[in-house]
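**Q** Sequence below, structure please.
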Amino acid sequence: MEKHSKMPPKLKIEIFIPTLYNPNENGIREPIETRKRRYVKNYIVNKYKGISIHPQTVQGVWVNPSDGKRYFDNCYRYEVCIDPKEEIDRELENWKEKLKELFKQFEIYMNYYEVTQI
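**A** Now for the predicted structure:
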């Protein structure tokens, strides 16, 4: 059997993009415009040269630590693999703040971890 060499490790970034804005003053949650999700997708493709988007939404519940309220969300999961870099924490923290502002969210769920491609 032919032996294949492993590729160098990558970092996989996962970002959960919400489908609804946070509630307005009347408690109504309006849908987020498709153009905003498209903007983020194009940003990722331009910066990292690829993206995977899960077509089905992920359902989640979280409790806001500042007020104890529960929020129910449906999110699209965006994934991208990048070469490891030293300033990834700071870069992602800055990007997360921009996404929170763009999507008018209390929080954006984002993580990264090392993966090995074969």
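
**Q** tell me, how many neighbours does the nearest residue to Y48 once chain neighbours are set aside end up with?
**A** Leaving aside its sequence neighbours, Y48 sits nearest to V80 (Cβ to Cβ, 6 or more residues apart in numbering; 4.9 Å). Glycine gets a C-beta too; all of them are placed from N, C-alpha and C. Other residues near V80 come to 20 when the count uses other Cβ atoms under 10 Å.

**Q** Three-state assignment for the residue nearest the centre of the chain, please.
**A** Most central in the chain under Cα atoms, centre = their mean is I15, positioned 1.2 Å from the mean C-alpha point. Using DSSP: H, G, I helix; E, B strand; the rest coil, the structure places I15 in strand.

**Q** can you pull out the strands in the chain?
**A** Listed in chain order, the strands of the chain (DSSP state E) span 10-18, 52-53, 58-63, 70-82, 110-115.

**Q** in the first one, what's buried?
**A** For strand 10-18, the buried set under the neighbour-count rule, 16 or more other Cβ atoms under 10 Å, comprises K10, L11, I13, I15, F16, I17, P18.

**Q** ok, the residue nearest to Y48 - contacts?
**A** K12, I13, I44, Y48, G50, I51, S52 (Cβ atoms under 8 Å, 6 or more residues apart in numbering).

**Q** go with 10 Å
**A** 10-15, 44-45, 47-53, 112 (Cβ atoms under 10 Å, 6 or more residues apart in numbering).

**Q** Let's see the pLDDT reported for D83.
**A** Note on D83: pLDDT of 93.

**Q** what sits against C81?
**A** Applying Cβ under 10 Å, 6+ apart, the residues near C81 are P9, K10, L11, K12, I13, Y48, G50, I51, S52, Y112, V115, Q117.
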